[in-house]
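Colleague: sharing a model that was predicted from the sequence below.
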Amino acid sequence: MKIFIDTANLNEIRKAKALGLVDGVTTNPTLLAKEGEEAETLIRKIWEEVKGPVNVEVTGMTCEEMVKEAKVMATWGEEIVIKIPITSEGLKTVKILSSEGIHTNVTLLFSPSQAILAAKAGATYICPFLGRLDDISFNGLELIRQIRAIYSSYPNIETQIIVASIRNPIHVIEAAMLGAEIVTIPPAIIEQMVKHPLTEKGIAQFLEDAKKIGTKK
Ligand code: G3P
């Protein structure tokens, strides 16, 4: 399973990279807006740091607008993935961009039927939003399970699932158990994944005992 980092914050990306965790980065307009830097400049810096897939989202509403935007964004780094919300215009855009070799990620995806259409259009990736479904009392993991089952039934589907909108470490574990190719994780959740109270307790005890045997001053 690959791990992408769901942030546009360079320091957080560097911290995760030091742990060997950054196979790619996902951003969206909200994450970019938090950083207060012009999008192109920041995405170029992120790409230099990651040297792997960096996802940037178009905001046009028509296919024409999205294709135009995507072609500019695709020049901001060598592996820019264009995120496109799932609409009819978005699907047309995916079809055009994928036929031109531009990688796409169909985002804001909340149903298995949307996942089928995205794969048919030739999306490189899809981003089902797990947490946002849970937020409104729908079972987000059931969505991932259904998409995994559908995609696995058709070996010719090459679209990869990026499980997104992760709210806790359990989401990551479940996504991995379902065989999602990628999980995009916010930095705060990575911190939670590292920690365990028994690990902390164990370290404290060993330090204490190490003082008794002269291996710790
Ligand atoms: O990658 C998608 C993600 O950024 C959305 O997450 O927490 O805004 O639902 P969230």
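Modeller: Arrived safely, thanks for sending.

Colleague: which residues touch the residue most central in space within the chain?
Modeller: Most central in the chain under CA atoms, centre = their mean is Thr184, positioned 3.0 Å from the mean C-alpha point. The contact partners of Thr184, taken as CB atoms under 8 Å, 6 or more residues apart in numbering, are Ile3, Phe4, Ile5, Asp6, Gly24, Thr26, Cys127, Ile162, Val163, Ala164, Ile166. Where you see a C-beta, it was placed from the backbone N, CA and C, and this is true even at glycine.

Colleague: who does whichever strand or helix holds it pair up with?
Modeller: Element membership for Thr184 (DSSP states H and E) is strand 182-185. Using DSSP bridges, the strands paired with strand 182-185 are strand 2-6 (parallel), strand 160-163 (parallel).

Colleague: convert the C-alpha atoms of the lengthiest helix in the chain to PDB, please.
Modeller: In the chain, taking DSSP state H as the definition, the longest helix is helix 197-212. Backbone C-alpha positions of helix 197-212 (Å, rounded to 0.1, in the frame of the first residue of the first chain) are rendered in PDB as follows:
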ATOM      1  CA  PRO A 197       0.300   4.200  25.400                       C
ATOM      2  CA  LEU A 198       2.000   0.800  26.000                       C
ATOM      3  CA  THR A 199       5.000   1.900  23.800                       C
ATOM      4  CA  GLU A 200       5.400   5.100  25.900                       C
ATOM      5  CA  LYS A 201       5.000   3.200  29.100                       C
ATOM      6  CA  GLY A 202       7.600   0.600  28.000                       C
ATOM      7  CA  ILE A 203      10.100   3.200  27.000                       C
ATOM      8  CA  ALA A 204       9.800   5.000  30.400                       C
ATOM      9  CA  GLN A 205      10.300   1.700  32.200                       C
ATOM     10  CA  PHE A 206      13.300   0.700  30.100                       C
ATOM     11  CA  LEU A 207      14.900   4.100  30.700                       C
ATOM     12  CA  GLU A 208      14.400   3.800  34.400                       C
ATOM     13  CA  ASP A 209      16.000   0.300  34.400                       C
ATOM     14  CA  ALA A 210      18.800   1.300  32.100                       C
ATOM     15  CA  LYS A 211      20.000   3.800  34.700                       C
ATOM     16  CA  LYS A 212      20.300   0.900  37.200                       C
END
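
Colleague: fine, thanks again, bye for now.
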